[in-house]
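Chemist: starting from these lines, generate the structure:
(2 chains)
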Amino acid sequence: MTDLTRHGVKAIRDGVASGDFTAREVAEAFNANVAAASDLNAFIVGTPDAALAAADAVDAKRAKGEELGAMGGVPIGMKDLFATTGVQTTAASHILEGFTPHYESTVSGNLWAAGAGMLGKLNLDQFAMGSSNETSYFGNVASPWRKAGTNQPMSPGGSSGGSSSAVAARLAPAATGTDTGGSIRQPAAFAGICGIKPTYGRCSRWGVVAFASSLDQAGPMARSVEDCAIMLGAMAGFDPKDATSLKVDVPDWEAALSADLKGKKIGIPKEYRMEGTDQAILESWEQGKAWLRDAGAEIVDISLPHTKYALPAYYIIAPAEASSNLARYDGVRYGIRDLPDGAGLQDMYAETRAAGFGDEVKRRILIGTYVLSAGFYDAYYNQAQKVRALVAQDFDKAWETCDLILAPTTPTASFPLGSLDADPLTMYLNDVFAVPASLAGLPAMSVPATLNPDGLPLGLQLVGKAFDEQGVLNAGLAIQQRAGFDHAPEKWW
Amino acid sequence: MSVDKQTVAKIAGLARIKMGDDELERMVPELNNILQWVEQLSEVDTSGVEPMSAVIENTLRLREDVIDADPKTAGGRRDDVLANAPATEHGFFGVPKVIE
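Modeler: Here you go, the predicted structure:
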């Protein structure tokens, strides 16, 4: 029998629907891969029984001739930032250790309703703060990829590093991710898979542990553009429980996929040619232009003049929102409590938060508290929100001359775990190409382009106008068809 | 602008995060590096620019005035709400004594 874990979302859904194999067989195959991959540390908890139960439900429906749903029979990994009923939800933090929600996030609920099943909760950077998956309380995630000729553990990217590692290693055909400033796209690029962050508001944030609410967006991570289109369709939709949820129809992205880009103009932003970008990345960018031209698109030069200020603005706005959002972890309502003998309420808060948050989370809470504090609010926070407006205006101007933007996803390929520990700033620079689209709320996707000379994957990023996920997916498909990226990491775990 | 140890201690107090001397010492240069780096935003001319609060144009919705319209966010779920609390008493969250 063929190895079912080679299949992606579409192949599984169609194979189950046509009776080539059962959903249970698929779930069993992926459960086995998850159980055998503890070296990657991609999962915080496995939920093999949940995967089997969902699969059995789909098989039973098929036996009765019922509709199986857009994700019918597809087992997926769930980033441990989504609240899941009866299954521990930690945001990879100690402060939420043991937290077992009595409710289901809207996005995960939508996926289960579409016939998907849960393989387990995926590791991530603590509260989604990080770009290497080294800030999790539950340990680093290792990428399945290694530099050719070495066995150094490499970063799967972050914060959705458990997701990228699991999908690249065939522990799951797809996984959920969340993207605040690149947390879907950067790990997708590092792991040689696809990932799309939709327009802000497409996917409900209800039941997703909040990091920076004006930026957080959920999206799918999978090994093909088609799989992302299918899964995004199952995740998205209006939700009255999220005040910023978009009340717009969810198009059938899968049905409208087309790699014919005739008449499309692709903008190449000159400001993305930054110092410190790998030569191999610049070459893949050139290659990307040629692929899109071959698909019928016209390449035009554009300018996004405030690009350089996007990242510093992000590192004011995101920590400011985080410091406010994370105020809820107080040892009263959920999570751990640290109450020394004889301590009062205020001491309990401070002790609980000292014990429950990791270093990077504390750093960002402090920065956020500082930039929002009296006397500094205008100089930092307000100025950053104004710069954010200018970054968004740059894109608006660009759309007068182009339909989509092509850029690298990251300035470098993956790096060894531990190699960027010394300076938080160096780590932040990983997201320099990803953050502008986040600040503007635009749909953006990373698709694998090629391997660099070290044998590590490189991704290309497509950014579209608000609501134009279709344009982004179509250009992604054009790249996918021409790149022919079918590399898989050699199994060592 | 830069912060000293005393300022970091004050911020940590505002953020309700207990920090020992060592941790404060360690945070000072880390925070200063980040603050110095974001300082470059001051070179951007933002006169006449409105600070951005919503990225995608959206209007604040009003919901129908119906009690318990969505069972997930409705009332009557006290036990669910309390289920993950570190301490509960008589159907309430339990906290250390706050009034002498």
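Chemist: how many residues are close by A:Q88?
Modeler: 16 (other Cβ atoms under 10 Å in any protein chain shown). No exception for glycine: its C-beta is placed from N, CA and C like everyone else's.
Chemist: what are the phi and psi values at it?
Modeler: Note on A:Q88: backbone dihedrals following degrees, to the nearest 10 are phi -40, psi 130.
Chemist: before we move on, what about A:V391?
Modeler: Per-residue torsions, A:V391: phi -60, psi -40 (degrees, to the nearest 10).
Chemist: what residues are up against it?
Modeler: With contacts defined as Cβ atoms under 8 Å, 6 or more residues apart in numbering or on different chains, A:V391 is in contact with A:L304, A:H306, A:T307, A:Y309, A:A310, A:A313, A:P436, A:L439, A:A440.
Chemist: average pLDDT across the longest helix along chain B?
Modeler: Using DSSP state H, we find that the single longest helix of chain B is helix B:21-38. Helix B:21-38 shows a mean pLDDT of 95.
Chemist: just stretch A:392-404 next, same as before
Modeler: Average pLDDT, stretch A:392-404: 98.
Chemist: for the helix or strand just after the longest helix of chain B, C-alpha coordinates in CSV please.
Modeler: Toward the C-terminus, helix B:21-38 is succeeded by helix B:78-82 as the next helix or strand (DSSP states H and E). Taking C-alpha atoms only, helix B:78-82 is exported to CSV below (Å, rounded to 0.1, in the frame of the first residue of the first chain):
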residue,chain,number,x,y,z
ARG,B,78,-20.7,29.5,36.0
ASP,B,79,-19.1,26.1,36.4
ASP,B,80,-17.5,26.3,33.0
VAL,B,81,-16.1,29.7,33.9
LEU,B,82,-14.7,28.5,37.2
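Chemist: so which bits of helix B:78-82 are buried?
Modeler: Across helix B:78-82, burial judged by 16 or more other Cβ atoms under 10 Å in any protein chain shown covers B:L82.
Chemist: distance from the chain centre to that helix, please.
Modeler: Computed by Cα atoms, centre = their mean, to the nearest Å, the chain-centroid distance of helix B:78-82 equals 23 Å.
Chemist: that helix vs chain A: in contact?
Modeler: Yes: applying Cβ under 8 Å from any Cβ of the partner chain, one finds helix B:78-82 in contact with chain A at B:D80, B:V81.
Chemist: just among the contacts of A:V391, which is most surrounded?
Modeler: Among the contacts of A:V391, the one with the most neighbours (other Cβ under 10 Å) is A:P436, at 33 neighbours.
Chemist: over to the residue of the stretch 101-250 of chain A found nearest chain B. Which of the three states is it?
Modeler: Among all residues of the stretch 101-250 of chain A, A:H102 sits closest to chain B, at 4.0 Å; criterion: Cβ to the nearest Cβ. What DSSP: H, G, I helix; E, B strand; the rest coil gives for A:H102 is coil.
Chemist: hmm, it is touching B:A83, no?
Modeler: Yes: using Cβ atoms under 8 Å, A:H102 makes contact with B:A83 at a distance of 5.5 Å.
Chemist: look up which helix or strand A:D396 falls in, please.
Modeler: Element membership of A:D396, judged by DSSP H and E, is helix A:383-398.
Chemist: next, the angle helix B:21-38 makes with that helix.
Modeler: Helix A:383-398 runs at 40 degrees relative to helix B:21-38, counting by axes from the mean of the first three to the mean of the last three Cα atoms, to 10 degrees.
Chemist: export helix A:383-398 as PDB, just CAs?
Modeler: Taking C-alpha atoms only, helix A:383-398 is exported to PDB below (Å, rounded to 0.1, in the frame of the first residue of the first chain):
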ATOM      1  CA  GLN A 383       4.300  57.800  16.400                       C
ATOM      2  CA  ALA A 384       4.300  54.100  15.600                       C
ATOM      3  CA  GLN A 385       0.600  54.100  14.700                       C
ATOM      4  CA  LYS A 386       1.200  57.000  12.400                       C
ATOM      5  CA  VAL A 387       4.100  55.200  10.800                       C
ATOM      6  CA  ARG A 388       1.800  52.200  10.400                       C
ATOM      7  CA  ALA A 389      -0.600  54.500   8.500                       C
ATOM      8  CA  LEU A 390       2.200  55.500   6.200                       C
ATOM      9  CA  VAL A 391       3.200  51.900   5.600                       C
ATOM     10  CA  ALA A 392      -0.400  51.100   4.700                       C
ATOM     11  CA  GLN A 393      -0.500  54.100   2.400                       C
ATOM     12  CA  ASP A 394       2.700  52.900   0.600                       C
ATOM     13  CA  PHE A 395       0.700  49.700  -0.300                       C
ATOM     14  CA  ASP A 396      -2.300  51.800  -1.400                       C
ATOM     15  CA  LYS A 397      -0.100  53.800  -3.800                       C
ATOM     16  CA  ALA A 398       1.600  50.600  -5.100                       C
END
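Chemist: buried stuff in stretch A:28-41?
Modeler: Buried residues in stretch A:28-41, counting neighbours by 16+ other Cβ under 10 Å, are found at A:E28, A:A29, A:F30, A:N31, A:N33, A:V34, A:A37, A:L40, A:N41.
Chemist: pLDDT score assigned to the residue of the stretch 101-250 of chain A closest to chain B?
Modeler: A:H102 carries a pLDDT value of 96.
Chemist: nearest residue to it other than its sequence neighbours?
Modeler: B:D80 (4.0 Å; Cβ to Cβ, 6 or more residues apart in numbering or on different chains).
Chemist: quick one: the one you found and A:A422, what's the gap?
Modeler: 45 Å (Cβ to Cβ, to the nearest Å).
Chemist: and if you look at A:F376?
Modeler: The gap separating A:F376 from A:A422 is 27 Å, by Cβ to Cβ.
Chemist: hang on, the earlier thing: quick one: the helix holding A:D396 to chain centroid distance?
Modeler: For helix A:383-398, the distance to the chain centre is 23 Å (Cα atoms, centre = their mean).
Chemist: dump stretch A:84-92 to CSV, restricted to CA.
Modeler: Presented in CSV, the C-alpha positions along stretch A:84-92 are these (Å, rounded to 0.1, in the frame of the first residue of the first chain):
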residue,chain,number,x,y,z
THR,A,84,-9.8,23.3,22.1
THR,A,85,-12.5,21.8,24.3
GLY,A,86,-11.1,19.3,26.8
VAL,A,87,-7.6,19.5,25.4
GLN,A,88,-4.9,21.5,27.2
THR,A,89,-4.2,24.8,25.6
THR,A,90,-1.0,26.5,26.7
ALA,A,91,0.3,29.0,24.1
ALA,A,92,3.5,27.1,24.9
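Chemist: in that stretch, what's buried?
Modeler: Applying 16+ other Cβ under 10 Å to stretch A:84-92 flags A:T84, A:V87, A:Q88, A:T89, A:T90, A:A91, A:A92 as buried.
Chemist: also stretch A:180-196?
Modeler: Per 16+ other Cβ under 10 Å, stretch A:180-196 contains these buried residues: A:180-196.
Chemist: likewise for stretch A:2-10?
Modeler: Neighbour-count burial for stretch A:2-10 [16+ other Cβ under 10 Å]: A:L4, A:T5, A:H7, A:G8, A:V9, A:K10.
Chemist: endpoints of that stretch, how far apart?
Modeler: Chord length of stretch A:2-10, first to last residue, is 16 Å (Cα to Cα, to the nearest Å).
Chemist: neighbouring contacts of it?
Modeler: A:12, A:15, A:21, A:25-26, A:29-30, A:33, A:71, A:74, A:170-171, A:173-174, A:222-224, A:226-227, A:230-231.
Chemist: what about 6 Å?
Modeler: A:26, A:29-30, A:33, A:74, A:170, A:173-174, A:222-224, A:226-227, A:230-231 (Cβ atoms under 6 Å, 6 or more residues apart in numbering or on different chains).
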